[in-house]
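Visitor: this one's structure only:
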């Protein structure tokens, strides 16, 4: 099985067939400048952890910490999951008044929820 993930000019190829990988890279090298990284640690902002049992774990912890700091959520307090009911996302009145900042905040979390943390959608729509 071969999986190809692309984003603009970044390509991640995962395969259990070496011949498929060689064929793909042969074709790509004929047309493009190609840099091959055997087991990349980062792909489009997602941290990749290659397990010894051929499993791939995706994380966006660094990105989540970065956007949390950028929007003033610097608390290191852990919470349990599933989250408590009727919890409201604390957003400053300044952020609500500044529509572009608020949209950037929600957009950042939508990005994370789409690719590696789908449970975050619950926070945004409750």
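Guide: Nice, I can see it. This one's a predicted model, so the numbers in the text were calculated from it and none came from an experiment.
Visitor: How is the residue of the chain most remote from its centre assigned, secondary-structure-wise?
Guide: Distance from the C-alpha centroid of the chain, by Cα atoms, centre = their mean, peaks at residue 30 (30.5 Å). Secondary structure state of residue 30, per DSSP: H, G, I helix; E, B strand; the rest coil, is helix.
Visitor: From residue 23, how far out is it?
Guide: According to Cβ to Cβ, to the nearest Å, residue 30 and residue 23 sit 11 Å apart. Any C-beta I mention is one placed from the backbone N, CA and C, and that applies to glycine too.
Visitor: Identify each buried residue in the helix or strand where residue 63 lies, please.
Guide: Residue 63 is part of helix 61-70, with elements assigned from DSSP states H and E. Neighbour-count burial for helix 61-70, counted by 16 or more other Cβ atoms under 10 Å, picks out 63-64, 67-68.
Visitor: What's the mean pLDDT across the longest helix along the chain?
Guide: For the chain, the longest helix by residue count, based on DSSP state H, is helix 99-115. Across helix 99-115, the average pLDDT comes to 78.
Visitor: How about stretch 23-38?
Guide: 89.
Visitor: what comes up buried for it?
Guide: For stretch 23-38, using 16+ other Cβ under 10 Å, the buried residues are residue 24.
Visitor: What separates the first and last residues of that stretch, distance-wise?
Guide: 16 Å (Cα to Cα, to the nearest Å).
Visitor: where do the strands sit along this structure?
Guide: 2-7, 10-15, 42-43, 46-50, 56-59 (DSSP state E).
Visitor: Tell me the neighbouring strands of the last one, and mark each as parallel or antiparallel.
Guide: Just to be clear, that refers to strand 56-59. strand 46-50 (antiparallel) (DSSP bridges).
Visitor: Please state the offset of the strand it pairs with from the chain centre?
Guide: 10 Å (Cα atoms, centre = their mean, to the nearest Å).
Visitor: now the angle from that strand to strand 2-7?
Guide: 160 degrees (axes from the mean of the first three to the mean of the last three Cα atoms, to 10 degrees).
Visitor: Give me the contact list for strand 46-50.
Guide: For strand 46-50, the external contacting residues (Cβ atoms under 8 Å, 6 or more residues apart in numbering) are 39-42, 56-63, 115-116.
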